[in-house]
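Novice: here is the input, now give the coordinates:
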Amino acid sequence: NSRELSDYVNTLGQFADYVVENLKSQVLFIPMELKGSGTDDRWLINKIVSNMSNSHACSVADMDLSTEDHFKLVRACRYFVGHKTHSVIFSLAAGTPLIALAYHPKTVEFMQQFGLDEFVILDSELTSDVLALKFNKMAINSESIGKQILKNSQRITQLMKTDFDTMISFAFNG
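Specialist: Here you go, the predicted structure:
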């Protein structure tokens with residue numbers, strides 16, 4: 001509804017301002033949808049940026065990216081805040097320390113698989129203060145978190161390979 005949308009825009013705008021002011025960092029918004037698609041999220045990103053005091057320190061990756069280029073862009077980030085499930089998965093696969101904003105239980109489950117439960121914020125609990133608090137904790141421990149993410153990515157990748165080998169073997173050998 002319009003109240004929730006306004007709260008969301010204000011929360012993310014305040015948090016982005018916080019990052020610019022306190023970490024002296026640039027903020028890059030990375031749309032997760034194709035331009036002009038029914039789910040294109042650029043309108044929301046533009047609303048957030050226009051609501052900021054420090055919009056001059058923000059940019060939007062406003063081009064449609066291939067999956068590989070999208071992944072490389074996420075991997076190049078020092079820190080990441082992801083709301084869409086695919087952005088969380090990209091960050092986990094890339095080893096980029098993150099805060100996951102969870103609109104669905106699957107986001108919580110992905111973060112639990114990586115031992116990162118404490119860096120999830122449910123939509124119902126999202127405020128700029130909560131986001132800043134978790135972000136600061138993540139940023140302080142970002143090097144060890146990045147290593148933890150990569151270690152778990154390798155473990156999960158190996159498990160998936162084994163599972164696929166088993167399925168393929170079963171399909172051909174009955």
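Novice: and the pLDDT at Gly38?
Specialist: At Gly38 the predicted local confidence, pLDDT, stands at 88.
Novice: how many other residues sit next to it?
Specialist: A total of 6 residues lie near Gly38 under the criterion other C-beta atoms under 10 Å. Heads up, the C-betas are built off the backbone N, CA and C, glycines and all.
Novice: doesn't it fall inside a helix?
Specialist: No: counting by DSSP: H, G, I helix; E, B strand; the rest coil, Gly38 is not part of a helix but coil.
Novice: give me phi/psi at it?
Specialist: Gly38 has phi and psi values of phi -60, psi -20 when expressed as degrees, to the nearest 10.
Novice: distance of it from Glu68?
Specialist: Summarising the geometry, the distance separating Gly38 from Glu68, computed by C-beta to C-beta, to the nearest Å, is 24 Å.
Novice: strands of the chain, start to end?
Specialist: Assignment of strands within the chain using DSSP state E yields the ranges 27-29, 58-60, 80-82, 98-102, 120-122.
Novice: buried ones in the longest helix belonging to the chain?
Specialist: The helix of greatest length in the chain, counted in residues with DSSP state H as the criterion, is given as helix 142-173. When neighbours are counted by 16 or more other C-beta atoms under 10 Å, the buried residues of helix 142-173 are found to be Ile145, Gly146, Gln148, Ile149, Leu150, Asn152, Ser153.
Novice: need the worst-confidence member of those.
Specialist: For the buried residues of helix 142-173, the minimum pLDDT belongs to Ser153; the value there is 89.
Novice: give the contact list for that one.
Specialist: Going by C-beta atoms under 8 Å, 6 or more residues apart in numbering, Ser153 touches Leu92, Ala93, Gly95, Phe114.
Novice: closest one of the residues you listed to Thr157?
Specialist: Of all the contacts of Ser153, the one with the least separation from Thr157 (C-beta to C-beta) is Ala93, at 8.7 Å.
Novice: ok, the residue most central in space within the chain - contacts?
Specialist: When C-alpha atoms, centre = their mean is applied to the chain, the residue found nearest the centroid is Gly82 (2.0 Å). Listed by C-beta under 8 Å, 6+ apart, the contact set of Gly82 reads Val88, Phe90, Ser91, Leu98, Ile99, Ala100, Leu101.
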